[in-house]
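build me a model from this:
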Amino acid sequence: MVDLFFKLLYPAMLYYFPKNIIHSKINLTSMKKVITLLIGLFYLSPMYAQISLQLDSTEVTVTTIANQLKVPWELIWGPDDHIWMTERDGIISRMNPETGEKQELYVFDDVVQVWESGLLGLALHPQFPETPYVYAVYNYMDSGAFKEKLVRLSYDGSNLSFDQVLLENIPGNTTHDGSRLAFLADGTLLMTTGDAQDKPAAQDTASLSGKILRMNDDGSIPSDNPFPNSLVYSWGHRNPQGLVIVDEIVYSSEHGPRNDDEVNIIEAGKNYGWPDVEGFCDNVLEESFCAENDVIPPLAAWTPTLAVAGLDYYNHPAIPEWQHSLLLVTLKAKQLVHLPLSEDGLSIIDQKYYFEDVGNADDPCLFTNQQMGRLRDLCIAPDGSVYISVSNRDRYGVPCENDDLILRLHNADYIDTGLEDEIRLSMSLYPNPSSDGRFLVSKPDEIDQAILHLYDAKGRLLLERRISQSETSIEYEGKGLFYVVVTGSDGVLYQDKVVLY
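All right, here's what the predicted structure looks like:
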């Protein structure tokens, strides 16, 4: 069927797109993959239509790749180019991001799913699949009491099998259980825990509740943890449900009560204040506690709360407006939040919100700019696509017929050349915008020769120029928005937009 669709669509593609683009390294195989995705979306027939988000200069297309899931809680992009996922009722799956096909790998028979409890965080070993371990956190019952445990499973290439319990008897509850997992560069594992509705426990360093824990990949205690013979890495947390590590910086998102959701930078051996401090140290009692206990303030806080959930780092040229930023999804606010970072990553310099429309009051499953509902987690693919899980069946949402969903956000105009990032990203054009009809294009020494193609907004070729120097000046008399494509012997090397006025 893909070949049939391709034969039908190929003449149209030749008509609408320049031939030198069609026959470059954005090749026929890549186009067939796109057609495969379109066919899959057609047969999926989701309730939600394709929409787009308009950024400063990039249009981000939003499509549904999977539906009828049940509270997809964790999304991880695996080294096998599949999405690894947990659903809260106890299922670990592996999903094909092009077709949405889901392969169930393991089902826990002792998961307790009440309110917010159930199967939660997931992580793959840093050397996966050579070291075939998969880590998961879930709630269970022990003598009538809610508990939480961390387990390790083993992957044989097609199925998961149980390996061992790494940590158990963590206090749990129907709410405030955390729990995200992430590996540090040194191979140790971080795990977030909630206060399990026991507020004082968050300040008790002898308790595992309201903490971020650090352990070796076998569950043992690292010798350099802040407290001897303790897994506690940081404390004073209410319910952290987002965790991402960028270089050596650990970012976490954390639910506040009815005020002061937070994004924090996590430091070893530090106190984050809960329950004595909510958000910033901004009243007399909090200021006194912060001074006495060296409390670390958040990077950002929100009142009223957004119900902050999954957190990830974006730094891909596919969506340049989002480069070097945190992306945060929210449950109550039902928004994707873009948080650009300072150059050193130690502060948030802006906040932008997407999916803000509230939809149709008469039918909550019809949307004006489509607010998809409660957004639970996200992951970033190597091609710059962002995958988001919708969580409307989590007891707090209003589920539609095809919920829950996995969404893909991507720039359909971006061409992934497959070249090494350091070569592709070392090319640049400037100034942009340009006021005199001139701009410079830089070329790395690794590329011998290349040809620059300038197109107008309708895809019409305006000029071609050979680039053989490390820096080449380009002149064009027209004004407006133009597309620059640089090609070499390996196909497309670089693309960008330039404004001439």
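
so what's the residue count around Ser143?
Using other C-beta atoms under 10 Å, Ser143 has 5 neighbouring residues. Bear in mind the C-beta positions are built from the backbone N, C-alpha and C, glycine included.

next one: Pro171
Pro171, neighbours per other C-beta under 10 Å, totals 21.

what do you get for the one 3 residues further on?
Other residues near Thr174 number 16, with proximity taken as other C-beta under 10 Å.

try Gly269
Look at Gly269: counted by other C-beta under 10 Å, it has 13 neighbours.

give the contact list for it.
By C-beta atoms under 8 Å, 6 or more residues apart in numbering, the contact set of Gly269 is 226-227, 233-234.

that one and Gly236, how far apart?
Using C-beta to C-beta, to the nearest Å, Gly269 is found at 11 Å from Gly236.

any chance of the contacts of Gly269 in a markdown table, with secondary structure and neighbour count too?
Putting the contacts of Gly269 into a markdown table (DSSP: H, G, I helix; E, B strand; the rest coil; neighbours: other C-beta atoms under 10 Å) gives the following:
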| residue | secondary structure | neighbour count |
| --- | --- | --- |
| Pro226 | coil | 16 |
| Phe227 | coil | 13 |
| Tyr233 | strand | 25 |
| Ser234 | strand | 26 |
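
quick one: mean pLDDT over stretch 193-206.
On average, the pLDDT along stretch 193-206 is 98.

other residues contacting that stretch?
Contacting residues not belonging to stretch 193-206 are listed as 146, 148, 170-173, 175-179, 207-213, 227, 230, 232, 235-240, 271, 274-276 [C-beta under 8 Å, 6+ apart].

rewinding a little: can you pick out the most distant pair from the contacts of Gly269?
Using C-beta to C-beta, those span at most 10.7 Å, a distance reached by Phe227 and Ser234.

most centrally placed residue in this structure?
The residue lying closest to the centre of the chain (C-alpha atoms, centre = their mean) is Cys379, at 3.1 Å.

surely that residue is in contact with Tyr387?
Yes. In this structure Cys379 lies within contact range of Tyr387 using C-beta atoms under 8 Å: 5.2 Å.

what touches both of those two?
75, 77, 83.

just for the protein, where's the confidence low?
1-50, 357-371, 416-425, 457-458 (pLDDT under 70).

do that again at 80, thanks
Scanning the chain for pLDDT under 80 picks out the ranges 1-50, 356-371, 415-427, 445-449, 456-460, 489-492.

mind giving me the domain split of it?
With domains defined by automatic domain parsing, the chain comprises 51-410, 419-501.

just name the most buried of those.
When these are scored by mean count of other C-beta atoms under 10 Å, the highest mean neighbour count falls to domain 51-410 (a mean of 19).

show me how far it is from its chain's centre.
Distance of domain 51-410 from its chain centroid, counting by C-alpha atoms, centre = their mean, to the nearest Å, is 10 Å.

and it, end to end?
Separation of the first and last residues of domain 51-410 by C-alpha to C-alpha, to the nearest Å is 11 Å.

swap in stretch 309-318?
Termini of stretch 309-318 sit 24 Å apart (C-alpha to C-alpha).

and what of stretch 443-461?
End-to-end distance for stretch 443-461, by C-alpha to C-alpha: 21 Å.

equivalent analysis for stretch 198-218, please.
Start-to-end span of stretch 198-218 (C-alpha to C-alpha) is 28 Å.

now do the helices in the chain.
With DSSP state H as the criterion, the chain has helices at 2-16, 19-22, 28-44, 284-293, 421-426.

gap between Ser57 and Gly194?
Ser57 is 40 Å from Gly194, by C-beta to C-beta.

same check on Ser347?
Ser347 sits 26 Å away from Gly194, going by C-beta to C-beta.

swap in Asp218?
Distance of Asp218 to Gly194, computed by C-beta to C-beta: 24 Å.

Asn225 too?
According to C-beta to C-beta, Asn225 stands 20 Å off from Gly194.

quick check: Thr86 touching Ile76?
No. Taking contacts as C-beta under 8 Å, Thr86 lies outside contact range of Ile76: 9.0 Å.

quick check: neighbours shared by the two?
Here Thr86 and Ile76 have Leu122 as joint contacts, going by C-beta under 8 Å, 6+ apart.

for Gly310, which non-adjacent residue is spatially closest?
Spatially, and ignoring its direct neighbours in sequence, Gly310 is nearest to Asp377 (3.4 Å; C-beta to C-beta, 6 or more residues apart in numbering).

contacting residues for the nearest residue to Asn225 once chain neighbours are set aside?
The shortest distance from Asn225 to any residue other than its chain neighbours is 5.8 Å, reached at Arg214 (C-beta to C-beta, 6+ apart). For Arg214, the contact set (C-beta under 8 Å, 6+ apart) comprises 184, 188-191, 222, 225, 231, 233, 268.

these in strands, which ones?
Among those, the residues falling in strands (DSSP state E) are 189-191, 233.

farthest-apart pair in those, please.
Spanning the widest gap among the ones in strands among the contacts of Arg214 are Leu189 and Tyr233, at 10.3 Å by C-beta to C-beta.

residue contacts, Ser435?
If you count contacts by C-beta under 8 Å, 6+ apart, Ser435 has them with Tyr501.

how far away is the nearest residue to Leu463 once chain neighbours are set aside from Leu124?
Nearest non-adjacent residue to Leu463, counting by C-beta to C-beta, 6+ apart: Leu454, 4.9 Å away. Relative to Leu124, Leu454 is positioned 43 Å away (C-beta to C-beta).

and for Cys400?
Using C-beta to C-beta, Cys400 is found at 31 Å from Leu124.

cool, and Pro72?
17 Å.

same question, Ser347
Noted for Ser347: a distance of 30 Å to Leu124, by C-beta to C-beta.

of the contacts of Gly269, closest to Ala136?
Checking the contacts of Gly269 against Ala136 with C-beta to C-beta, the nearest one is Tyr233 at 19.5 Å.
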